[in-house]
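1. Next one to model:
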Amino acid sequence: MKGAVEKVFISEDDQYLFSQATHYDIYKKLGAHVSEEEGERGVYFGVWAPNAVQVHVVGEFNGWSEEAHPMEKLGPVGIWGLFIPGVETGSMYKFLITAQDGRKLYKADPFANYAEYRPGTASVITDLNGFEWKDAKWIAARDRRNLYRQPMAVYECHIGSFMKHPDGTEGFYNYREFADRLAEYLQEMKYTHVELMGVLEHPFDGSWGYQVTGYYAPTSRYGTPKDFMYLVDRLHRMGVGVILDWVPAHFATDAHGLAEFDGQCIFEHPDPRLGSHPDWGTKIFNYGKPEVKNFLIANVLFWLREFHIDGIRVDAVASMLYLDYGKKDGQWLPNKFGGNENLEAIEFFKHLNSVVRGTYPGFITVAEESTAWPNVTGEIGGEGLGFSFKWNMGWMHDFCEYMKLDPLYRKGNHSAMTFAMSYNNAEKYILPLSHDEVVHLKCSMVNKMPGYEVDKYANLRTGYTYMFGHSGKKLLFMGQDFGQEREWSEERELDWFLLGEKNNLGLKNYVSELLKIYRKYPALYELDDDWAGFEWMNADDGENSVYSFVRKSSRGTNSLLFVLNMTPIKREAYRVPVPIGARKKKYRLLLNSDEERFGGWGNEIAKEIAAEKIVCHGRDYSICVDLPPYGSAVFVF
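-> Purely as a prediction, here's the structure:
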């Protein structure tokens, strides 16, 4: 340990604020922090264990002795503290908690910033200071942006299975290597953000990071905390925002984790009807306890401040909002009014978004909420929960179910693809095609499509065109942009070898073209939640399974017309209505999904089409387009 070191201690004010759920820097006090007392350097340890009879620090520095370093209980809140001189960073440690029933519990530090490489479970002393950040311009620009008037195309990514190491080891790229590979790919494809799965420390690879034991530690699978800082900094300097999957809905029951931390339930509710998920085998946080709320809210601020994270995607929000989520009669308790709403979780979300978004307006909070719960998004301090965005799970379900259909049956389900616009202005939406849709028994995106191989890829190109044209920000899981054919597994890397195939390379090039157009034209992102930004030209042509609509910008310039043919039948001289105000304009072709460079058949569409005074679908003017089989066309006017 080199350089100046400040003394770390836990004051009465610290304890009081923690007990009121308002100590937003508590992670600087609890945990293990390099400190100095009376000229001697060492580490100050702090832990919340209100029901413990005694707590000891055990670690490599004392030979894991159970008696060498007893901690002092600092007050009625139940925080214990101890300074140990001479302890160095890099040492492993745990808290040995003596419970009231005499049990001795070896627990990892809930506030540790680094953990032993799995399957080890110890915490590791580390110092987060000293990293040279170079992303000041990105941070300043982020805080000035209007989130809703900016493009947002998210690449959902699992670090361990994005790409494996070629050196024959276990396979993981470390954060720095991954940063370089990922930055190259995202820059080439033109995504605006990446959403990283499984960053918070977790014991089991197969949980994909959704059963957490270390909320304050980037997983050691891929390197050190400063390696992770490098990853974020590298992406920021490339113009890519970083969103973390964050899991406050439940936590792992592993013996070294948060469950029954001091011999009793302090992080989870003690009543299993409120504190356990029977289907998931996990524990539910007690959102009514101030210290637990503080633990979680400070955790988001920790990732924002210490690692410069740009946003969180909150997993399983519905499971938090409903007391009976995934439970049968007798497995849950109603609230004080007799309902199934979790009033404490609702207050928690309002508190979280008020503090985080109120302090950092450029920070993004995204809710994965799968029901029709009202006002998930909106202004902080209002009636709603205050999230920046909500995943549109209804759109995702309808889209996937429609695209799986044999084209013969699509005309009978035509409204599935138009329904989402009927409620589009209810929330601020992200359209997700996430990892959950391409795992075991669900098929990859390309293999959801009907038909022969060439049909599948043509279908998917047009499906993605619909997604990028539809109102709402975008999210696409890794591998689906080049036609990963196998379902995703965390155990293997993506099938990058497929890029040697015409269809896969063509799809990748097509998605890249969609991303470039999306970022170039404000009509595709400025007015996502406003009918002023979207207009159906023909939403009702179920007989031909063709959709047409216009996206418009706030300035009324460079509007885009989308025409999509969802059948294998070529629609020659297909007539598309056009807006009254654009009747004299010419429609310039921006994108034809059937071009050979995209893996298509090579059917041509006129490069420029003039509107004619021919009535179509109730409009006085229209254009005539030759639509390829499973083809889509995008025009600018």
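
2. how about low-confidence regions in this protein?
-> Residue ranges of the chain with pLDDT under 70: 1-3, 168-170.

3. can you rerun that using 80?
-> Regions of the chain meeting the criterion pLDDT under 80 cover residues 1-4, 167-171, 581-584.

4. residue ranges of the helices in it, please?
-> Under the criterion DSSP state H, the chain contains helices at 12-19, 136-144, 159-162, 175-189, 225-237, 272-275, 290-307, 317-321, 343-359, 393-404, 407-410, 445-448, 453-469, 502-520.

5. how about those in TSV, adding mean neighbour count?
-> Heads up, the C-betas are built off the backbone N, CA and C, glycines and all. Shown next, in TSV, are those (neighbours: other C-beta atoms under 10 Å):
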stretch	mean neighbour count
helix 12-19	17
helix 136-144	13
helix 159-162	23
helix 175-189	18
helix 225-237	22
helix 272-275	16
helix 290-307	21
helix 317-321	22
helix 343-359	19
helix 393-404	18
helix 407-410	15
helix 445-448	22
helix 453-469	23
helix 502-520	21
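
6. Dump these to JSON lines, plus distance to E37.
-> As requested, these are exported to JSON lines (distance: least, C-beta to C-beta, whole Å):
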{"stretch": "helix 12-19", "distance to E37": "17"}
{"stretch": "helix 136-144", "distance to E37": "34"}
{"stretch": "helix 159-162", "distance to E37": "39"}
{"stretch": "helix 175-189", "distance to E37": "33"}
{"stretch": "helix 225-237", "distance to E37": "25"}
{"stretch": "helix 272-275", "distance to E37": "39"}
{"stretch": "helix 290-307", "distance to E37": "24"}
{"stretch": "helix 317-321", "distance to E37": "41"}
{"stretch": "helix 343-359", "distance to E37": "32"}
{"stretch": "helix 393-404", "distance to E37": "52"}
{"stretch": "helix 407-410", "distance to E37": "72"}
{"stretch": "helix 445-448", "distance to E37": "58"}
{"stretch": "helix 453-469", "distance to E37": "58"}
{"stretch": "helix 502-520", "distance to E37": "53"}
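
7. between these, which one is nearest to I97?
-> If you check each of the helices of the chain against I97 by C-beta to C-beta, helix 290-307 wins as the nearest, at 15.9 Å.

8. can you list contacts of the closest one?
-> With C-beta atoms under 8 Å, 6 or more residues apart in numbering as the test, helix 290-307 has contacts from 17-27, 48, 77, 110, 128, 215-216, 218, 225, 228-229, 232, 244, 246, 248, 266-267, 285-287, 309, 312, 348, 351-352, 355-356, 359-360, 363.

9. next one: stretch 24-31
-> 8-10, 14, 17-18, 23, 45-48, 79, 109-113, 216, 294-295, 297-299, 301-302, 355.

10. nearest spatial neighbour of V356, skipping sequence neighbours?
-> Leaving aside its sequence neighbours, V356 sits nearest to V300 (C-beta to C-beta, 6 or more residues apart in numbering; 5.4 Å).

11. Next, give phi and psi for W488.
-> Backbone torsions for W488, taken as degrees, to the nearest 10, come to phi -70, psi 140.

12. Run a quick neighbour tally on it.
-> If you count neighbours by other C-beta atoms under 10 Å, W488 ends up with 23.

13. and of the helices of the chain, who's closest to E490?
-> helix 159-162 (5.1 Å).

14. Remind me what that closest one packs against, helices and strands.
-> helix 175-189 (3 or more C-beta pairs under 8 Å, 6 or more residues apart in numbering; DSSP states H and E).

15. Show me what the helix it packs on is packed up against.
-> Packing contacts for helix 175-189, counted by 3+ C-beta pairs under 8 Å, 6+ apart, involve strand 153-158, helix 159-162, helix 225-237, helix 502-520.

16. Go again with 10 Å.
-> strand 153-158, helix 159-162, strand 193-197, helix 225-237, helix 502-520 (3 or more C-beta pairs under 10 Å, 6 or more residues apart in numbering; DSSP states H and E).

17. follow-up on the earlier one: distance check, the residue nearest to V356 against F111.
-> 14 Å (C-beta to C-beta, to the nearest Å).

18. With R519 instead?
-> Using C-beta to C-beta, R519 is found at 39 Å from F111.

19. got it, and T22?
-> 17 Å.

20. Tell me which of those two has more neighbours.
-> Neighbours were counted for T22 and for F111 using other C-beta under 10 Å; F111 has more, 26 against 16.

21. Could you tell me how many residues sit around the closest residue in space to the more buried one that isn't next to it in sequence?
-> Leaving aside its chain neighbours, F111 sits nearest to G31 (3.2 Å; criterion: C-beta to C-beta, 6+ apart). Look at G31: counted by other C-beta under 10 Å, it has 23 neighbours.

22. For P119, give me its contacts.
-> By C-beta atoms under 10 Å, 6 or more residues apart in numbering, the contact list for P119 reads P203, F204.

23. try 8 Å
-> P203.

24. from here on, count from 727
-> Sounds good: first residue 727 from here, last item P845.

25. Now the phi/psi pair for it, please.
-> Dihedral pair for P845: phi -90, psi 10, per degrees, to the nearest 10.

26. Would you quantify the distance from it to E1216?
-> Separation of P845 from E1216 (C-beta to C-beta): 16 Å.

27. quick one: Y1313 and I1331 touch, right?
-> No. Look at Y1313 against I1331 with C-beta atoms under 8 Å: they stay out of range, at 10.4 Å.

28. Just list whatever residues bridge to E1338.
-> Counting by DSSP bridges, E1338 forms beta bridges with S1348.

29. what about it, how many neighbours?
-> 14.

30. likewise the one 10 residues further on?
-> Here the neighbour count serves as a burial measure; for S1348 (other C-beta under 10 Å) it reads 22.

31. wait, it sits on R1301?
-> Yes. Counting by C-beta under 8 Å, S1348 touches R1301, with 4.9 Å between them.

32. what's the overlap in contacts for these two?
-> Taking C-beta under 8 Å, 6+ apart as the contact rule, S1348 and R1301 both touch I1340, C1342.

33. Put the alpha carbons of the top strand by length along the chain into PDB.
-> Longest strand in the chain, counting residues (DSSP state E): strand 766-774. What follows is strand 766-774, C-alpha atoms only, in PDB (Å, rounded to 0.1, in the frame of the first residue of the first chain):
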ATOM      1  CA  GLU A 766       0.300   2.700  11.200                       C
ATOM      2  CA  ARG A 767      -1.300   1.400   8.000                       C
ATOM      3  CA  GLY A 768      -3.700  -1.400   7.800                       C
ATOM      4  CA  VAL A 769      -7.300  -2.200   7.000                       C
ATOM      5  CA  TYR A 770     -10.500  -1.100   8.700                       C
ATOM      6  CA  PHE A 771     -13.300  -3.800   8.700                       C
ATOM      7  CA  GLY A 772     -16.900  -3.000   9.200                       C
ATOM      8  CA  VAL A 773     -20.000  -5.300   9.100                       C
ATOM      9  CA  TRP A 774     -23.700  -5.100   9.900                       C
END
